[in-house]
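Student: My questions concern the predicted model and sequence given below.
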Amino acid sequence: MRYFLIFTLVISFAFSCKHINVYEKQVDLPRHEWKKNQNAVIRFDIDDSTSHQLYLVVRHTQQYPFNKLLVRLLIQDTAKRTIGSMHINAPLTNSDGTWAGTSMDDIYYSRIRINPPFFLRPGSYRFVLQHAMKEETIPYILNVGIALNQ
C-alpha cells in the first residue's frame, strides 16, 4: 500500500508539470537614447499555436525624466504584414513616485504586462517597437524589448 501511494504521488507530479516556453529579447539603444525614427525590431520563431502573454521590457537609468513610456507595438508575420498593432502606456513608477521594477544600482529593469494575450501560430514574427512620446529623443533608456510566454 505504501509503495502504491508513493507511485501515485510521483505519477501525479509528473503529469501535473507543464513546460512553459518563455521568450525574451531586447534591443540595445545607442548612446542610451531612443529617437522617434528608430524602431526596435525583435524577431521570434514560435513553434506552437497558443495564446502568448506579452510583456514590454524596459531598462533605464534613474535619470530617466518621465514616469511612464508610451510605445507603439506592431506584430508582423514573415511577409512583414502587420497582424497586430497596439499602443502601450507603460508606467515606470509606483503610485508613491518611486521607480517600479527591479533595481541594480541606478539601473531599473521593468517588465510591463500587455493585455490581452495574443494568439500566435507557428512561424517567424517581428515585433516592432516605436516610441510614441512627444519628445523627438528620449534619454536614459538603455534597451527595450519583448518577453512572451504561453
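Tutor: Alright, I've got the coordinates.
Student: Measure how buried the spatially closest residue to Thr93 that is not a sequence neighbour is and give me the count.
Tutor: Nearest non-adjacent residue to Thr93, counting by Cβ to Cβ, 6 or more residues apart in numbering: Asn67, 4.2 Å away. For every residue, glycine as well, the C-beta is placed using N, CA and C. The tally of other residues near Asn67 (other Cβ atoms under 10 Å) stands at 12.
Student: now do Pro65
Tutor: Using other Cβ under 10 Å, Pro65 has 9 other residues around it.
Student: And Pro139, by the same measure?
Tutor: 15.
Student: do the same with the one 4 residues further on
Tutor: Residues within reach of Asn143, counting by other Cβ under 10 Å, total 17.
Student: In this structure it contacts Asp28, no?
Tutor: Yes: under the criterion of Cβ atoms under 8 Å, Asn143 makes contact with Asp28 at 4.8 Å.
Student: ok, Ala147 touching Phe44?
Tutor: No: Ala147 is beyond contact range of Phe44, at 10.1 Å (criterion: Cβ under 8 Å).
Student: between those two, what contacts are shared?
Tutor: Shared contacts of Ala147 and Phe44, defined by Cβ atoms under 8 Å, 6 or more residues apart in numbering, are found at Tyr23.
Student: Local confidence estimate at the residue nearest to Thr93?
Tutor: Predicted confidence (pLDDT) for Asn67: 95.
Student: how about it, phi and psi?
Tutor: Asn67 adopts backbone torsions of phi -100, psi 0, taken as degrees, to the nearest 10.
Student: which residues sit in contact with it?
Tutor: Asn67 makes contact with Pro91, Leu92, Thr93, Gly97, according to Cβ under 8 Å, 6+ apart.
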